[in-house]
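Q: This is the structure alone, sequence omitted:
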């Protein structure tokens, strides 16, 4: 018997080949890795020995980084060193009602046994012998603008909290504003901690205050107690030894905290139109201070510099006679004098530089507009073939029985006169039997705008290639149906803009061709070309005189590099002599209020089309309407603006859609004309509290209850700030070629549907309007695309062909655009807001 042999049967006949593992070589994997970024060219491939850095190279690289950091630290702190070093500016801002800035400074001085006087509001210079440093405290009250001015020119900001009271609305507004403005090193201290009983709760209070302040400034490690001598000494040590990180937009310019202001004594300040030379004294900070550049002093405005002279502290203490001697010898003691390259105060280009024949352009544009037969789509005018062949009709004399084709060959000899000739007009000539408009009825006294002449022809349509169009019975739009249709679409303005953005409704007696004469069509808002010549008749008078910057990045880098060359170096105490300063500012000036001067970069006084991103706070109760009056602070300037809102982002054709409303939580671009500001500078948007609407979700009964509660437990006026921070943003690149296109949407209702062929009503109300806007593409709220095929009757009904079937629930729309121009901003002068 043969031996049994084990036999194994395969469970399947399939062969499992090695799977393909492309890892990062497939198209989808490469696309996921790139995330839309453009691939950069790679350099020559290095060997594994070239990629590995030697031990000597690593040590050398670490040594170079160490030297660079030490050099940067020395450059930052050297202006504070020595007997004539600049003081460290410390802004002391109280956030609670019981807290006081002057009391906080006195507590810090007491920890070092310093008994110098500290004003309740103003500046106090304290010399710290232990650290050989000078601290210049700026104490302010709980007022928004004073706190912003003090923190804008401070190396350190000391926030004062209270252990007994929470931060109220005013303190929260100040805290959010200085955070959005840009802030240097921040420290937090608390007053009244020793009054908390029992003592075990003090640790909880400190933890609660730290949790609150780290919400705004996460790098805060601790909250100092001003009642503790040791913690006060530690806080002063931090102020004297820490390197201030500064504010980026501020360090790109030359700036100074104004210590003294000297007004001319020979000119009375009672005359509101009086001007004179004023001298301001302070320590130069930031970049070099140049006499050729303009300087902005607080909210006074921009001024030219006549001279920059030295004003050390020792000379200033000798008395007024010595200071006057320095003033009389400006040319000898001047550190910097203006040259022929000094900036002027002109904010617009000279009219001679932009002289153009505006009247000829306007006449040409109006003539072209009167000759057009249809709406402008992209950069061309489209109209039907019949309208294209329409020319001025000239009667011809041809023999009897001549056909229309044969009559085209007769040249119309004027000398030819025979009895066998007859007058033959073209079909497009006006029929003499048709009465004129004046015969049909009286002309409106306010002009022909929006007036539709009565129909003199039948409503029967001409033969058509489309079904059911040979005998279309024109139905006049029923007023009740039209009203009911529009009531279904109407709502509040802001809610309607959110649900149905840019939708407008035409009245039946309005001529759409005249009402929408400035509007045009675009196949694509992002890519379609925009013909700017069509907008020249409507361009503002000073638009051509604005500063136009073709290469913003290159111009900005050149201007910033220019600030490093020449001028007075930072760290010196100087006297800046200003020319032609209105002496009326002396009445509103107070030495207790913080005052700072910022040197403007080249061209920063000239006006241009400014663009600023605006993010509306989610706590704002209602949508913000475009062109509403806002108060803007950008860099050292404050101004009143009526901005235009447009969509954020870059487009190939530089056309951006205009937004009527800015809804909470969204971001737009606010455009207006104002002086230029180089770089990305934080912007703060304020609005007067009295003009802010209430929340729309509050019921009437709740409003009555709240009103009664406010009457019984009325809050003091000091707890209600006069201004409210409604948003923040950053300056963008200015551009006069940025087109803000206002869109309107005309909507219609499907009346009859035959698969893709749809009869539309309520979009237009005359056949002429349908023919005028025939070239515009149609769309529906469900994504269908279509075109107008023919007009039906005389009441605006028309047939349209779509790319897919349209339902009765669809709303058919057409988009029209026109360019809108930003409005001019007005700079705020000193004492204007309050």
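A: Done, it's in. Just so you know, these numbers come straight off a predicted model, no measurement behind them.

Q: Can you tell me what sits against the longest helix along the chain?
A: The longest helix of the chain (DSSP state H) is helix 55-77. Residues outside helix 55-77 that contact it (CB atoms under 8 Å, 6 or more residues apart in numbering): 53, 243, 244. Every C-beta, even on glycine, is put in place using the N, C-alpha and C of the backbone.

Q: what's near enough to touch the last one?
A: For residue 244, the set of contacting residues under the criterion of CB under 8 Å, 6+ apart consists of 76, 88, 155, 156, 184, 185.

Q: residue contacts, the last one?
A: Meaning residue 185. 155, 156, 157, 242, 244, 245.

Q: Adding secondary structure, distance to residue 665 and pLDDT, write those residues out as a markdown table.
A: Listed next are the contacts of residue 185 as a markdown table, based on DSSP: H, G, I helix; E, B strand; the rest coil; distance: CB to CB, whole Å; pLDDT from 0 to 100:
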| residue | secondary structure | distance to residue 665 | pLDDT |
| --- | --- | --- | --- |
| 155 | coil | 35 | 94 |
| 156 | strand | 34 | 96 |
| 157 | strand | 29 | 96 |
| 242 | coil | 37 | 91 |
| 244 | coil | 34 | 92 |
| 245 | coil | 31 | 89 |
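
Q: Which single one of these is nearest to residue 263?
A: Lowest distance from residue 263 to those (CB to CB) belongs to residue 155, with 28.4 Å.

Q: my guess is the closest one meets residue 86, correct?
A: No - look at residue 155 against residue 86 with CB atoms under 8 Å: they stay out of range, at 9.4 Å.

Q: hang on, the earlier thing: now the contacts of residue 185: which count as buried?
A: Buried subset of those (neighbour count, 16 or more other CB atoms under 10 Å): 155, 156, 157, 244.

Q: which of those residues sit farthest apart?
A: 157 and 244, at 10.2 Å, using CB to CB across those.

Q: Show me the common contact partners of those two, please.
A: With CB under 8 Å, 6+ apart, residue 157 and residue 244 have common neighbours 184, 185.

Q: Pop the domain breakdown of this structure in here.
A: With domains defined by automatic domain parsing, the chain comprises 77-246, 254-347+557-599.

Q: Could you tell me which strands sit next to the longest strand anywhere in the chain in the sheet, and their orientation?
A: The longest strand of the chain (DSSP state E) is strand 739-754. Strand 739-754 pairs in its sheet with strand 503-504 (parallel), strand 655-659 (parallel), strand 757-761 (antiparallel), strand 812-820 (antiparallel), by DSSP bridges.

Q: Give me the buried positions along it.
A: Neighbour-count burial for strand 739-754 [16+ other CB under 10 Å]: 739-751.

Q: Is the closest residue to residue 260 other than its chain neighbours within a helix or a strand, and which one?
A: Closest residue to residue 260 apart from its sequence neighbours, by CB to CB, 6 or more residues apart in numbering: residue 281 at 4.3 Å. Using DSSP states H and E, residue 281 sits within strand 275-283.

Q: and the next helix or strand after that strand, what other elements does it pack with?
A: For strand 275-283, the following helix or strand on the C-terminal side (DSSP H and E) is strand 285-286. If contacts are counted by 3 or more CB pairs under 8 Å, 6 or more residues apart in numbering; DSSP states H and E, strand 285-286 sits against strand 254-262.

Q: Need the contact partners of stretch 161-168.
A: Here stretch 161-168 has contacts from 95-99, 175, 188-193, 195-196, 202, 205, 209, 212-213, 223, 719, using CB under 8 Å, 6+ apart.

Q: Pull up the distance across it, start to finish.
A: End-to-end distance for stretch 161-168: 11 Å, by CA to CA, to the nearest Å.

Q: Quick check: next helix or strand after the helix or strand in which residue 633 is found?
A: According to DSSP H and E, residue 633 maps onto strand 630-634. Downstream of strand 630-634, the first helix or strand assigned by DSSP H and E is strand 637-641.

Q: pLDDT (mean, whole number) over that following strand?
A: Confidence for strand 637-641, expressed as mean pLDDT, is 95.

Q: So which other helices or strands are in contact with it?
A: Using 3+ CB pairs under 8 Å, 6+ apart, strand 637-641 is in contact with strand 630-634, strand 667-675, strand 826-827.

Q: switch the cut-off to 10 Å
A: With contacts defined as 3 or more CB pairs under 10 Å, 6 or more residues apart in numbering; DSSP states H and E, strand 637-641 has these neighbours: helix 144-152, strand 607-616, strand 630-634, strand 667-675, strand 682-688, strand 826-827.

Q: quick one: strands adjacent to it?
A: As assigned by DSSP bridges, strand 637-641 forms pairs with strand 630-634 (antiparallel), strand 826-827 (antiparallel).

Q: Give me whichever of those is most buried.
A: strand 630-634 (a mean of 22; mean count of other CB atoms under 10 Å).

Q: angle of it against helix 144-152?
A: Computed with axes from the mean of the first three to the mean of the last three CA atoms, to 10 degrees, the direction of strand 630-634 lies at 10 degrees from that of helix 144-152.

Q: Show me which of the buried ones among the contacts of residue 185 is closest to residue 816.
A: residue 157 (51.1 Å).
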